[in-house]
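Colleague: one predicted model, sequence on top.
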Amino acid sequence: MSKQPHLYSDSSSDEVAARLRKYVLQAQKSAFARHQKFQIAVSGGSLPATLSKALLSPDNGTLDDKPQFSKWEIFFADERAVPLDHEDSNYGLLKKDLLDKIPPSTGSPQVFPIDVEVLDNTQEIADRYQKVLSDQFAGKDSVRLPLFDLILLGCGPDGHTCSLFPGHELLRKTDSWTAAIEDSPKPPKRRITLTLPVVTHADQIAFVATGGGKKDILKKILDSEDGRSLPCGLVNEQGGDKVSWFTDSAATEGVSFPQKGSL
Ligand SMILES: O=C1O[C@H](COP(=O)(O)O)[C@@H](O)[C@H](O)[C@H]1O
């Protein structure tokens with residue numbers, strides 16, 4: 001790998017959230033310089049809680065330190081084939097942890113959930129989500145891949161990210177922006193996910209992985225040859241220095257990969 005991902009490790013969850021906030025707001029600023037909107041994809045799992053802590057903390061009064069939610073477009077890096085109010089829904093989780101807590105005075109983001117009209121057909125959910133992306137990213141022009149300003153990812157204890165699982169054939173899928181999975185090793189089995197080329201094409205890619213439960217997999221991904229073929233390892237490999245890891249000391253205990261001090 002010529003250009004390495006950045007690894008940040010803080011000692012408390014508050015510090016992780018503070019650093020993540022700074023990073024997201026920097027990404028927002030560069031997105032506004034390009035197109036006056038901020039197009040991001042978010043994951044489920046443990047990410048929405050940290051993101052909420054990061055974004056809903058008080059600002060310092062300057063515009064650069066405010067999430068300008070009315071200019072945000074939020075998509076999903078992956079989603080489970082369940083109703084939006086189901087406890088397994090990534091949209092539902094984001095709504096509970098973040099969207100419902102955004103003060104109305106701050107403005108509301110535009111959020112793009114899956115189409116729940118076709119929940120019994122996973123491929124159709126994926127195809128319709130690709131159409132949503134194509135409408136938002138391509139407009140009248142055709143684009144090869146959607147260019148997210150930022151993708152926020154989790155890292156499962158097996159090294160999965162989005163709904164791209166270790167050794168799964170979807171890791172080799174390059175002919176679509178979204179894909180359906182019917183045999184997810186982690187329940188629920190039926191999900192949709194962004195494909196790897198879309199994830200690694202993003203302008204910025206962030207992993208958030210905290211807690212002692214992540215320490216073995218982080219060591220494998222960041223320090224070992226074996227970890228390079230795991231989904232998170234592939235994102236590192238293909239994303240290079242566009243990738244940043246936001247972690248805490250419990251998750252990086254025993255990890256030798258060099259840490260960065262500041263953003
Ligand atoms: O199933 C999923 O898991 C991953 C990782 O979740 P975490 O709780 O270990 O952070 C998550 O990123 C993904 O969106 C979700 O569908």
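Modeller: Thanks, I have the structure now. Numbers count the residues shown, from 1 in each chain.
Colleague: CA only for contacts and neighbour counts going forward, please
Modeller: Fine.
Colleague: check for me that residue 208 belongs to a helix.
Modeller: No. Using DSSP: H, G, I helix; E, B strand; the rest coil, the assignment for residue 208 is strand, not a helix.
Colleague: my read is that it contacts residue 243, right?
Modeller: No. Counting by Cα atoms under 8 Å, residue 208 stays clear of residue 243, with 11.0 Å between them.
Colleague: any shared contact partners between the two?
Modeller: Here residue 208 and residue 243 have no joint contacts, going by Cα atoms under 8 Å, 6 or more residues apart in numbering.
Colleague: and residue 41, bridged to which residues?
Modeller: residue 75, residue 151 (DSSP bridges).
Colleague: and the residue positioned nearest the centre of the chain, what does it touch?
Modeller: Central residue of the chain (Cα atoms, centre = their mean): residue 152, 2.3 Å from the mean position. Listed by Cα under 8 Å, 6+ apart, the contact partners of residue 152 are 40-43, 47, 77, 205-208.
Colleague: same thing with residue 229?
Modeller: residue 166.
Colleague: the one 10 residues further on now?
Modeller: Shown in contact with residue 239 (Cα under 8 Å, 6+ apart): 5, 200-201, 205.
Colleague: farthest pair in those?
Modeller: 5 and 201 (14.5 Å; Cα to Cα).
Colleague: and the pLDDT for the closest residue to residue 83 other than its chain neighbours?
Modeller: Nearest residue to residue 83, sequence neighbours excluded (Cα to Cα, 6 or more residues apart in numbering): residue 116, at 6.2 Å. Among the per-residue scores, residue 116 holds a pLDDT of 98.
Colleague: gap between residue 116 and the ligand?
Modeller: Residue 116 is 17 Å from the ligand, where distance means Cα to the nearest ligand atom, to the nearest Å.
Colleague: you'd agree that residue is up against residue 84?
Modeller: Yes. Contact criterion Cα under 8 Å: residue 116 and residue 84 qualify, at 7.5 Å.
Colleague: who has more neighbours, the two?
Modeller: residue 84 (19 against 13; other Cα atoms under 10 Å).
Colleague: in what helix or strand does that one lie?
Modeller: Using DSSP states H and E, residue 84 maps to neither a helix nor a strand.
Colleague: now do the contacts for it.
Modeller: Counting by Cα under 8 Å, 6+ apart, residue 84 touches 90-92, 113, 116.
Colleague: which residues does the most far-flung residue of the chain relative to its centre contact?
Modeller: Using Cα atoms, centre = their mean, the residue of the chain lying farthest from its centre is residue 61. It sits 27.3 Å away. Going by Cα under 8 Å, 6+ apart, residue 61 touches no other residue.
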